[in-house]
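Colleague: coordinates for the following, if possible.
(chains A and B, ligands or ions: 3)
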Amino acid sequence: MNLTLKVWRQPDTNSEGNFETYKANDVSEDMSFLEMLDTVNENLIEDGVEPVAFDHDCREGICGMCSLFINGRPHGPLHGVTTCQLHMRSFKDGDEIVIEPWRANAFPVIKDLVVDRTSFERIQQAGAYISVNTGAAGDANQIPVPKNDADESFAAATCIGCGACVAACKNSSAMLFVGAKVSQFALLPQGQPEREKRVLAMVNQMDEEGFGACTNTGACSAECPKEIPLSVITRLNREYLRASLTSKD
Amino acid sequence: MKLDAKIPAGPLAEKWSKHKFNLKLVNPANKRKYTVIVVGTGLAGASAAASLAELGYNVKAFCYQDSPRRAHSIAAQGGINAAKNYQNDGDSVYRLFYDTIKGGDYRAREANVYRLAEVSANIIDQCVAQGVPFAREYGGLLDNRSFGGVQVQRTFYAAGQTGQQLLLGAYSALNRQIALGTVKMYNRHEMLDIVNVGGKTRGIIARNLITGEIERHSGHAVLLATGGYGNVFFLSTNAMGSNVTAAWKAHKKGAFFGNPCFTQIHPTCIPVSGEHQSKLTLMSESLRNDGRIWVPAKTEDAQAIQNGTKRGNDIPEEDRDYYLERRYPSFGNLVPRDVASRAAKERCDAGFGVNRTGQAVFLDYTFAINRYGNQEVNRLNLQDADEEKVKELGIAVVKEKYGNLFDMYKQITGDDPYQTPMKIYPAVHYTMGGLWVDYNLMTTLEGCYALGEANFSDHGANRLGASALMQGLADGYFVIPYTIGDYLADDIRTGAIPTNSPEFDEAEKAVIDRIQFFMNNKGTKSVDFFHKRLGKIMWDKCGMARNAQGLQEAIEEIKALRAEFWQDVRVPGNAESFNPELDKAGRVADFLELGELMCHDALHRNESCGGHFREEYQTEEGEALRDDTNFAYVAAWEYKGEEKPVLHKEELVFENVKLTQRSYK
Ligand SMILES: Cc1cc2nc3c(=O)[nH]c(=O)nc-3n(C[C@H](O)[C@H](O)[C@H](O)COP(=O)(O)OP(=O)(O)OC[C@H]3O[C@@H](n4cnc5c(N)ncnc54)[C@H](O)[C@@H]3O)c2cc1C
Ligand code: SF4
Ligand code: FES
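Modeller: Ligands and ions are numbered 1, 2, ... in the order given. Just a heads-up that it's a prediction; the model follows:
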């Protein structure tokens, strides 16, 4: 199939960006979206044009590095799929595809389609951990964890930290991401001692980074490649309220 | 130089305890006078950085991704081994040790492997305490599954995302230290050289991948936890950025490279679909627990499948060849990876492959779905369930265990694996080879350590499933925190290491010169153009089967390709900003040197062992034929520039296990 791409190009954070149009010809439906971009880039290099920069690494939907806004949707048209797992059989001959970076104040563009997500790092540094030094742990089976809690905690922990939830949200809210992190720990017995402190610190950091407020539109969960449910936001709100009322810090 | 592995004396089971006691300590107040550089934040690097910082050392940690959590460990699927014996099925430290030594085809050090088995249980304890949500049983206790080459259930897992969960655990420990200021984290930084001062490794040169700035970082010791080099084959299950650069730079400055040719080709990966292919995707080995592998027994059926006139489901039961179960009745589909991969290649080479290219075999879940469905019917007491209901219930169980893998398969191939058998083929997955290290994980460069997949240590010639995660975390959480103190204790009067020494000048200049070369070269071909060609040479001649003639040819071809690369590579953009093509160019330049070393190593090892299969050395049944008299050693290669690398041997002494022909029949 032959496609027309409109790609956001921006030399660096401080420059203005604009769309450029490129042709992608002879695209096979077995290609992944990023392999399609690889071939476009190969051609650009041959023509002496700087290739389009985009983030990617594992190319199997788990590292959370890839982050393209495709035809107005983070990670493209499919539900529950990252950009790197999107394959060209989801497109048809003659399609025009618009490719943009995540757009959010807390994710400044580094170059072209690459953004800076270190705001997510700082939120996690604020409290997304259990303070246990190496070597200090007791036997792993000492504390049984009900299977349902463990499963739910795991489901929250499958968040890949990609930022699609923020990109999908008209307010650029990071509540789904933070909710997933807070839920993972809140659901486990090991997470209890720091439960209040954790949620307060992480929410505080989230606000400081300039993420927007949540107005319950649900776009985040609908576009999340790992299908993190909206219930993590409900839990986050509950945890936050509970902590605000009971915290002794 | 004589290699000294520093293996402690004494009985196997006491070596590590005694050694820990004999190691020198650094007192808590003095630890903050030291800086340790940790390159890489996968399981090995993140666990090491966090643990060292907890002890009080200052740590500087580096990774090339935008977050430590994105290291390729995140992609590990199936699980992590530990000798917990929670299943009461006869597991023990000794059995885990024995399975691993045997699985590695007797080319690993006894003492290291025993230590690995010994600390394995602590790893699970540590991870659970960090909040890693492992799979559990209804009673709330941890669940296990089995993996290849083993007859007990000792693998802990978190659905098909075990690596992700373990890495998030180590990352959370790392984050805690970053917040405390004991770890300074450098994301989007790539180490481009190592700096030795006065015979000791004292720092690195790194490039800030966003700004292009070249930075000098000094420390009292440097830990390389930079992962494996499978991407030398271009196509592999590794992440796109996985590279050998850090290890290779250390090698060129004096660190010996151990067993570089020991590569693991994983039997269950999604087959190549075309020329555009940029990487290969693993389907976790855990799928062999429940899936059955087969090809048609009749050539005409195989041909019909290849040309699309028949599908797997059309082949009646009696015309299928479950070749692993046929050849290896006692281990069946759970033979080790090297054995399973070669068996798949053998069937495909004989014309029984099951896709267009004839390079695929079936991995079939029909039976498992049926079995689980019937179990559910019994559990739920549904007497009148029909076939459809059984299937539906069975699919639900399979979904819970392997859902994300099945989804991934469907995404990539467009086929629904719940309805039709999956197609799989072996692909490059892991490198057992790596920087040679002694028992303390120190390379032949004083003060330079290698951890995780980057070292050669524990897996011999073949790694068993679920043991890389174990090794990475063992190295980082439980080995290096002890052994590094012994080295640093003598360094107490050194003080901060200046970065304005001639050694730093020189290393930085070399890095800048190379970058300038790339930017100024008036070449015509992209980096990938060369990388793909290198990959093809490696796969064809230094891949699943090797022979002397092919390896000799490969060495010449790689030399020629390297010359062409330096002449004709084109790197667009500039060096003062974000430039992924420039990053790739540096990595491929190093792969072009490493590839040649791998061929030398494969050529000199006139035996077959584990994943190293020399066609000239096989049993009548086509199994690997080891030569313990002549090759029971680690090949540690010394870099000699343009001259041929020099071989040093570390003889492997087996005091506890008897070397036998591995049998999984
Ligand atoms: C798809 C897949 C599935 C797997 N499944 C399993 C499994 O189920 N069980 C199991 O035991 N093993 C599994 N393995 C193997 C295992 O995941 C790896 O061997 C292990 O995670 C490697 O960890 P590591 O810490 O050594 O390196 P990695 O996790 O690869 O980390 C390397 C780190 O080094 C950094 N780095 C690299 N080069 C540089 C440089 N030049 N400068 C700066 N930083 C650099 C990277 O940024 C990264 O942080 C799997 C592997 C793959 C590919
Ligand atoms: S919640 Fe979903 S969309 Fe948001 S970062 Fe996590 S995986 Fe990405
Ligand atoms: S590249 Fe890793 S999730 Fe897409």
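Colleague: name the helix or strand for residue 41, please.
Modeller: Using chain A. Element membership of residue A:41, judged by DSSP states H and E, is helix A:33-46.
Colleague: check residue B:484 too.
Modeller: helix B:480-488.
Colleague: quick one: residue B:68 and ligand 3, what's the gap?
Modeller: Going from residue B:68 to ligand 3 by CB to the nearest ligand atom, to the nearest Å gives 15 Å. Where C-beta positions appear, they are placed from N, C-alpha and C, glycine not excepted.
Colleague: what about stretch A:101-120, how long is it end to end?
Modeller: 16 Å (CA to CA, to the nearest Å).
Colleague: any weak-confidence spans in chain A?
Modeller: Under the criterion pLDDT under 70, the flagged ranges of chain A are A:247-249.
Colleague: can you give me the strands for it?
Modeller: A:3-9, A:18-24, A:69-70, A:73-74, A:96-100, A:109-111, A:114-115 (DSSP state E).
Colleague: mind listing what the first one pairs with, with the direction of each?
Modeller: Right, the one you point to is strand A:3-9. strand A:18-24 (antiparallel), strand A:96-100 (parallel) (DSSP bridges).
Colleague: return the residues of chain A in contact with ligand 2.
Modeller: Within chain A, the positions near ligand 2 by CB under 6 Å from any ligand atom are A:159-165, A:176-177, A:180, A:224-226, A:228.
Colleague: same thing but at 8 Å, please
Modeller: Neighbours of ligand 2 within chain A, by CB under 8 Å from any ligand atom: A:64, A:74, A:120, A:158-166, A:168, A:174, A:176-177, A:179-180, A:220-221, A:223-228, A:232.
Colleague: is stretch B:47-65 in proximity to ligand 1?
Modeller: Yes - contact between stretch B:47-65 and ligand 1, assessed by CB under 8 Å from any ligand atom, occurs at B:62, B:63, B:64, B:65.
Colleague: which residues touch residue B:59?
Modeller: B:35, B:36, B:37, B:38, B:49, B:52, B:53, B:177, B:182, B:183, B:184 (CB atoms under 8 Å, 6 or more residues apart in numbering or on different chains).
Colleague: inside strands: which ones of these?
Modeller: B:35, B:36, B:37, B:38, B:183, B:184.
Colleague: give me the distance between the two termini of stretch B:279-287.
Modeller: 20 Å.
Colleague: ok, back up a step: for ligand 3, tell me which of the residues of chain A next to ligand 2 show up nearby.
Modeller: Within the residues of chain A next to ligand 2, those near ligand 3 by CB under 8 Å from any ligand atom are A:64, A:160, A:162, A:225.
Colleague: just checking, residue A:210 touches residue A:106?
Modeller: Yes - counting by CB atoms under 8 Å, residue A:210 does reach residue A:106; the two are 4.8 Å apart.
Colleague: these two: which is more packed in?
Modeller: Just comparing residue A:210 and residue A:106: by other CB atoms under 10 Å in any protein chain shown the higher neighbour count belongs to residue A:106, 24 against 13.
Colleague: domain ranges for chain A?
Modeller: Listed by automatic domain parsing, the domain ranges of chain A are A:3-111, A:118-246.
Colleague: with chain B instead?
Modeller: Split by automatic domain parsing, chain B gives B:12-264+B:429-491, B:269-428, B:502-632.
Colleague: please report phi then psi for the residue in chain A that ligand 1 sits nearest to.
Modeller: As assessed by CB to the nearest ligand atom, ligand 1 sits closest to residue A:60 within chain A, at 6.8 Å. As for residue A:60, its main-chain torsions (degrees, to the nearest 10) stand at phi -140, psi 30.
Colleague: check contacts around the closest residue to it other than its chain neighbours.
Modeller: Take residue A:60 and drop its neighbours on the chain: the residue closest to it by CB to CB, 6 or more residues apart in numbering or on different chains is residue B:281, 5.2 Å away. If a contact means CB under 8 Å, 6+ apart, then residue B:281 has A:59, A:60, B:237, B:269, B:270, B:408, B:412 as its contacts.
Colleague: and residue B:22, how many neighbours does it have?
Modeller: Counted with other CB under 10 Å, residue B:22 comes out at 9.
Colleague: surely it meets residue B:8?
Modeller: Yes - using CB under 8 Å, residue B:22 is in contact with residue B:8, at 7.4 Å.
Colleague: what residues does chain A put near ligand 3?
Modeller: Residues of chain A lying near ligand 3 (CB under 8 Å from any ligand atom): A:34, A:55-66, A:82-85, A:160, A:162, A:225.
Colleague: just the ones of these in helices?
Modeller: residue A:34 (DSSP state H).
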